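Chemist: My questions are about this predicted structure, shown below with the sequence.
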Amino acid sequence: MLLHIGAFHLDIDSQRVTPWHKLTPRIRILCTVLFVFAIVLTPNGHWWTWGIYGLTILNLVWLSQVTLIVLVKRLAVEFSFIGVVLLGTLFRDGGKVLWSWGSLKITTLGLTILGSVTLKAMLSLLILNVLTLTTSVPVLLQSMIELRIPPLLVAILSSMYRYIGVLVGEFNAMRRAAASRNLMSNKRWQRLVMGNMIGSLFIRTYGRGERVYYAMISRGYQGVPSGEKVSPTRRYDILALSLTAILVLLGQVIYIL
């Protein structure tokens, strides 16, 4: 494998045996990227197109046998970060005014944009989460190298994934130390202690990163991950990629014909 990584278990469904899992990992990435680009580049208000893509992705969720509870939890966390941005698309000028209060007003155009952007985000996150749940991070990184992704970018992603677990461990240790000294009992003290902990964690991260880099250089690291033999593309992979391209084109031409 490319890396021996054990920071998080993101790929809890990677050992299942399904038609999706039988695809070569780089073909899974290509199919996912095709769908994401098709979803995002679809003009606002093309509901039938997103309906076709949505049904396809829901079938993929069923076909890949991912753990639905984990999938829903991840989507909920991700939407909590982009919810404010989505809400900002509602207040747009144009179309019929449905509600107004001072300078704020909701129009038909705003509702169309909000619904379109929400569907784009939902469908894109859904298929990306299916990919990460069913494919381990080392395999994803190796597949990115096979797809000629810049090796430096792959090295940054692999290092980030490898050491984010170390940072979480450091933060938890500092939090336990603060709690054992009764520094987390007061809300005012909590904010002060958390701020100091984040600053201290940044300094520790910088120092540890420098030490790790010098250790890697001394062991022959050249700045890019070493690749392995590229796995051959099978007829099954070509068929899956062709079917994905047909579904993507079908969703786009439905408004042309």
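Modeler: Nice, I can see it. Numbering: from 1, shown residues only.

Chemist: Let me see the ranges of the strands in the protein.
Modeler: 97-101, 104-107 (DSSP state E).

Chemist: hey, least reliable of those by pLDDT?
Modeler: Here the lowest mean pLDDT among the strands of the chain goes to strand 97-101, at a mean of 66.

Chemist: got a pLDDT number for residue 134?
Modeler: 92.

Chemist: wait, it sits on residue 28?
Modeler: Yes: counting by Cβ atoms under 8 Å, residue 28 is a contact partner of residue 134 at 7.5 Å. For glycine as for every other residue, the C-beta is placed from the backbone atoms N, C-alpha and C.

Chemist: Find residues that contact each of those two.
Modeler: Common neighbours of residue 134 and residue 28, counting by Cβ atoms under 8 Å, 6 or more residues apart in numbering, are residue 20.

Chemist: show me the contacts for residue 38.
Modeler: 53, 248, 251-252.

Chemist: swap in residue 231?
Modeler: 24, 26, 146.

Chemist: returning to what we had before: can I get the contacts of residue 38 in TSV including neighbour count and pLDDT?
Modeler: Output for the contacts of residue 38, formatted as TSV (neighbours: other Cβ atoms under 10 Å; pLDDT from 0 to 100):
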residue	neighbour count	pLDDT
53	26	93
248	22	91
251	22	87
252	16	85
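
Chemist: tell me which residues of the biggest helix by length in the chain are tucked away?
Modeler: Scanning the chain for the longest helix, with DSSP state H as the assignment, gives helix 187-218. Using 16 or more other Cβ atoms under 10 Å as the test for burial, helix 187-218 gives 193, 197.

Chemist: Please, where are all the helices along this protein?
Modeler: With DSSP H as the criterion, the chain has helices spanning 25-41, 47-64, 68-88, 108-134, 137-146, 151-180, 187-218, 235-253.

Chemist: Centroid-nearest residue for this structure?
Modeler: When Cα atoms, centre = their mean is applied to the chain, the residue found nearest the centroid is residue 128 (5.7 Å).

Chemist: For the stretch 101-250 of the chain, give me the ranges with low pLDDT.
Modeler: The model of the stretch 101-250 of the chain has pLDDT under 70 over residues 102-104, 184, 223-230.

Chemist: The residue lying closest to residue 204 once chain neighbours are set aside: neighbour count?
Modeler: Nearest non-adjacent residue to residue 204, counting by Cβ to Cβ, 6 or more residues apart in numbering: residue 170, 6.1 Å away. As a burial measure, residue 170 scores 17 neighbours (other Cβ atoms under 10 Å).

Chemist: Please give me every residue in contact with residue 170.
Modeler: 201, 204-205.

Chemist: mind putting those residues in JSON lines, distance to residue 49 included?
Modeler: Supplementary listing: the contacts of residue 170 in JSON lines, determined by distance: Cβ to Cβ, whole Å:
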{"residue": "201", "distance to residue 49": "45"}
{"residue": "204", "distance to residue 49": "49"}
{"residue": "205", "distance to residue 49": "44"}
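
Chemist: out of those residues, who's nearest residue 164?
Modeler: Lowest distance from residue 164 to these (Cβ to Cβ) belongs to residue 205, with 10.3 Å.
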